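K.L.:
missing the sequence, but the structure's below:
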């Protein structure tokens, strides 16, 4: 089994860390360069799911719960300093479920959850998990972003398809089970022209925490940060106190 984490700009002595969870079909490389977004006091660590890039031979998880279980077990030893999670699209659900598993063990480490371009778990609609390759291709094209570039390279597309197909199955078969809420601040982020996630669905993220909640709109579509990450950088810096001692935690 390969390593679960990638750190493109190591800052081992930074007082805080931001742990990033990719979208369906995405990889840790999505967050290459994000160290510049958050500044020198934060180390950015990206999760590398099995079945892609250098982990292409690793077994794929059976469901989203299994993936969250495995990530939580790997993350736990890394929670030695204040940490925020950022999850995009499917990654938001994985980040949330990981946070739920860590809450009883680390009540003072996870200090903010950013959920991006994803309907809230209480609003999640269970769909069929069976899609043809053509339907997956069409949906990737519909979402746009850098991932759509895979469509122009047939060999790369075929290499990526097994993990992408499995990720679609994970998120579309995911079923939210109500439980103890988080207590950390939650920030929900959506692109103002993202047709895949409604504003009402984003607002329902406030139902999963008793901590402070905010909903933020960024200019762009589902992958709003591909075109301009300036708004996201401003958000991270405005939220600089997410890792100060004494902040609400999960």
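P.N.:
That came through fine. Predicted model, so just to flag it, every value in this text is computed and none were measured.
K.L.:
which residue sits closest to residue 51 in space, ignoring its chain neighbours?
P.N.:
Taking Cβ to Cβ, 6 or more residues apart in numbering, and ignoring the residues beside it in sequence, residue 51 has residue 163 as its nearest neighbour in space, at 3.8 Å. C-betas here are computed from N, CA, C, even on glycine.
K.L.:
Would you agree residue 52 is in contact with residue 160?
P.N.:
Yes - between residue 52 and residue 160 a contact is recorded at 7.0 Å, counting by Cβ atoms under 8 Å.
K.L.:
Buried residues, stretch 88-108. List them.
P.N.:
By neighbour count, with 16 or more other Cβ atoms under 10 Å as the criterion, the buried positions of stretch 88-108 are 88-103, 106.
K.L.:
where's the residue nearest to residue 51, which helix or strand?
P.N.:
Assigned by DSSP states H and E, residue 163 belongs to helix 154-172.
K.L.:
Mind checking the pLDDT average for that helix?
P.N.:
Per-residue pLDDT values across helix 154-172 average out to 85.
K.L.:
Which strands and helices lie in contact with it?
P.N.:
Contact analysis of helix 154-172 by 3 or more Cβ pairs under 8 Å, 6 or more residues apart in numbering; DSSP states H and E lists helix 64-75, helix 90-102, helix 133-143 as its packing neighbours.
K.L.:
Out of these, which gets nearest to residue 229?
P.N.:
Within the helices and strands packed on helix 154-172, the stretch nearest residue 229 is helix 90-102; the backing value is 16.0 Å (Cβ to Cβ).
K.L.:
any idea of the angle that closest one forms with helix 154-172?
P.N.:
Using axes from the mean of the first three to the mean of the last three Cα atoms, to 10 degrees, the direction of helix 90-102 lies 50 degrees away from that of helix 154-172.
K.L.:
Each with direction, which strands does the following helix or strand past helix 90-102 pair with?
P.N.:
Toward the C-terminal end, the helix or strand that comes next after helix 90-102 (DSSP H and E) is strand 110-116. Strand pairing for strand 110-116, determined by DSSP bridges: strand 83-88 (parallel), strand 186-191 (parallel).
K.L.:
Ranking these by mean neighbour count, which comes first?
P.N.:
Per-residue neighbour counts averaged over each of the strands paired with strand 110-116 give the maximum for strand 83-88, namely a mean of 26 (mean count of other Cβ atoms under 10 Å).
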